[in-house]
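Colleague: Here is a sequence with its predicted model. Questions after.
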Amino acid sequence: MDRPRASRAVVVGGGIGGLTAAIALHQQGWDVTVLERAAALTPAGAGIGLAPNAQRALDVIGLGDRVRSLSAWQGDGGLHTPRGSRLYRTDLSAAAERFGGPLVMVHRATLVDILLSALPDGAVRPGCTATLADAGDERRPAVVITQGGDLEADLVVAADGINSAVRRALFPAHPGPRYSGYTTWRLVVPAPDRPFAPHETWGRGHLWGTQPLKDGRVYAYAAAAVPAGGHAMDDEKAELLRRFGAWHQPVPDIIAAAEPDEVLRHDVHHMAEPLPAYHQGRVALLGDAAHAMQPTLGQGGNQAIEDAIVLAHHMDRGPDTGPGLAAYTRERLPRTMAIVRQATRVGRTAMLNNAPAVAVRDVLVAALSRLSPGLVLRGFDGTADWSPPGHTYAAEAAKTHPKTR
């Protein structure tokens, strides 16, 4: 008697969300192929903060402890002015108690390596472009065109980022992400000699953040309210020095330690108008492809990880994906778009460019810090305290689908 064919999933995009989805589906018995356009999956130098909600999602696939062991647990820090005055003190122990765990910071390359280690050899195809030819329906599979030939799939997971070609194919009338009004820089450098605490600093139309990594380096990020599409006249390190060189320490030291060609710059876009759904036919949209958001809450990658776990939770092993995909949209679209809107509000406040408005903002933040120190934490209620649906299937999967790399 022939053995039934395993359901096949094709994941378009080998970023954090796509790899998490591939692992979760693989552990449920799916035959998974990940198509990544880039020739290598190692991300450029940047960190990612994983809040308790994303860590609990990674626990589902048995990777939470490993990620935590290679991450820096964030200590107490604060929100500052460019001159160094503290506006607000962040109490990370209170956050951990409130949300069931700490915020941790990990290099993106480290996280990707951990995710890759949980997939079978040959599951990921780097340097592979993919075009959705047919979204499929209950009667026929979806079809993805690659340079190596067409792939039929019971499920296609579109994790191809903010400029998702799959999203445009499914919803051509949707306007897509909108420019958020500012650009960002990211860099990873050796930690400065003088001690520092994790911090974020808000200026006039400018923002800087400094977070330690476990390996002794520092992840820093910056933002400035500028027109879209801009570039530095010389190099981005010089641009950072011009904009932030007079700010409080350790900002100047971090800029001085940066290599000019390793400073990343990207304009920020967000999904101001929600999609009609996060699925169509046999295709599910995930992460930035579905709900690109401003980085002001640090939840972009966290929500992609959540998406992946929830999607796998709703996917039965049979070929009928319709009910599961409908449930995925019902569960994820309202939650993620609420976080998109909240991140937009925070971004609007952080990037104020009017001097009187900035002065009022700083006075209000300092007053709230004294009168209601837990107010900022309450803003993450319903986000950082999220728990995955259903059961943890990683232990069962380890018996039937052992790690193969």
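Modeller: Perfect, I can see it now.
Colleague: Doesn't R68 belong to a helix?
Modeller: Yes: looking at R68 with DSSP: H, G, I helix; E, B strand; the rest coil, it is inside a helix.
Colleague: check contacts around it.
Modeller: Counting by CB atoms under 8 Å, 6 or more residues apart in numbering, R68 makes contact with Q55, V104. Where C-beta positions appear, they are placed from N, C-alpha and C, glycine not excepted.
Colleague: Would you mind measuring from it to V104?
Modeller: 6 Å (CB to CB, to the nearest Å).
Colleague: list the residues that contact both of those two?
Modeller: Q55.
Colleague: Could you report the distance from E36 to H174?
Modeller: Taken as CB to CB, the span from E36 to H174 is 24 Å.
Colleague: swap in T321?
Modeller: 22 Å.
Colleague: more crowded one of those two?
Modeller: Neighbour count, other CB atoms under 10 Å: between T321 and H174, T321 has more, with 28 against 14.
Colleague: Tell me the pLDDT of that one.
Modeller: T321 carries a pLDDT value of 92.
Colleague: who's in contact with it?
Modeller: Contacts of T321 by CB under 8 Å, 6+ apart are D154, L155, R282, M315.
Colleague: Provide the secondary structure category for the closest residue to the third one other than its chain neighbours.
Modeller: If the residues on either side of it in the chain are set aside, R282 comes closest to G136, at 3.7 Å by CB to CB, 6 or more residues apart in numbering. G136 falls in the coil class when you classify it by three-state DSSP.
Colleague: Quick check: phi and psi at G136.
Modeller: Phi and psi for G136, reported as degrees, to the nearest 10, are phi 70, psi 180.
Colleague: correct me, but it touches V283?
Modeller: Yes: shown here, G136 and V283 form a contact pair, counting by CB atoms under 8 Å, at 7.4 Å.
Colleague: Those two: which is more packed in?
Modeller: In terms of neighbours (other CB under 10 Å), V283 is the more surrounded of G136 and V283; the figures are 26 against 22.
Colleague: what's near enough to touch the residue nearest the centre of the chain?
Modeller: In the chain, the centroid-proximal residue (CA atoms, centre = their mean) is G301; its distance is 1.3 Å. By CB under 8 Å, 6+ apart, G301 lies in contact with I16, G17, I48, L50, A54, G287.
Colleague: again, but for P260
Modeller: D235, E236, K237, A238.
Colleague: in the helix or strand where D113 lies, what's buried?
Modeller: For D113, the element it lies in under DSSP states H and E is helix 108-117. The neighbour-count check on helix 108-117 (16 or more other CB atoms under 10 Å) flags R108, A109, T110, L111, V112, I114, L115, L116 as buried.
Colleague: related to what we said a few turns ago, tell me what angle the strand or helix carrying the residue nearest to the centre of the chain forms with helix 108-117.
Modeller: Using DSSP H and E, G301 falls within helix 300-314. Interaxial angle of helix 300-314 relative to helix 108-117 (axes from the mean of the first three to the mean of the last three CA atoms, to 10 degrees): 10 degrees.
Colleague: which strands and helices sit next to the following helix or strand past helix 300-314?
Modeller: Once helix 300-314 ends, the next helix or strand along the chain (criterion: DSSP H and E) is helix 322-350. Using 3 or more CB pairs under 8 Å, 6 or more residues apart in numbering; DSSP states H and E, the elements in contact with helix 322-350 are strand 178-190, strand 264-270, strand 279-280, helix 288-291, helix 300-314.
Colleague: and those as a markdown table, adding distance to P334 and mean pLDDT?
Modeller: Formatted as a markdown table, the helices and strands packed on helix 322-350 follow (distance: least, CB to CB, whole Å; pLDDT from 0 to 100):
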| stretch | distance to P334 | mean pLDDT |
| --- | --- | --- |
| strand 178-190 | 20 | 97 |
| strand 264-270 | 17 | 97 |
| strand 279-280 | 14 | 98 |
| helix 288-291 | 11 | 98 |
| helix 300-314 | 12 | 97 |
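Colleague: For L132, which of the ones you listed is the nearest?
Modeller: strand 279-280 (9.9 Å; CB to CB).
Colleague: Give the pairing partners of the closest one; include direction for each.
Modeller: Strand pairing for strand 279-280, determined by DSSP bridges: strand 283-285 (antiparallel).
Colleague: neighbouring contacts of the helix or strand harbouring L132?
Modeller: Assigned by DSSP H and E, L132 belongs to strand 130-134. Residues from elsewhere that reach strand 130-134, judged by CB under 8 Å, 6+ apart: 10, 12, 35, 37, 140-146, 150, 156, 158, 160, 165-166, 169-170, 281, 283.
Colleague: List the buried residues of stretch 339-355.
Modeller: Neighbour counts over stretch 339-355 (16+ other CB under 10 Å) mark I339, V340, Q342, A343, T344, G347, A350, M351, L352 as buried.
Colleague: measure the nearest residue to the third one once chain neighbours are set aside to V340 for me?
Modeller: On the basis of CB to CB, 6+ apart, the spatially nearest residue to Q342 that is not a chain neighbour turns out to be L297, at 6.4 Å. Note on L297: its distance to V340, by CB to CB, is 9 Å.
Colleague: Same question for P192.
Modeller: With CB to CB as the criterion, P192 and V340 are 35 Å apart.
Colleague: how many other residues sit next to T33?
Modeller: 21.
Colleague: so it sits right up against A9, yeah?
Modeller: Yes: applying CB under 8 Å as the test, T33 and A9 come out as touching, 7.4 Å apart.
Colleague: what number of residues lie near G122?
Modeller: By other CB under 10 Å, neighbour count at G122 equals 9.
Colleague: what's the helix or strand for it?
Modeller: Going by DSSP H and E, G122 is not in any helix or strand.
Colleague: and it, what is it in contact with?
Modeller: With CB under 8 Å, 6+ apart, G122 has no contacts at all.
Colleague: Need phi/psi at it.
Modeller: Per degrees, to the nearest 10, the backbone of G122 is at phi 90, psi 0.
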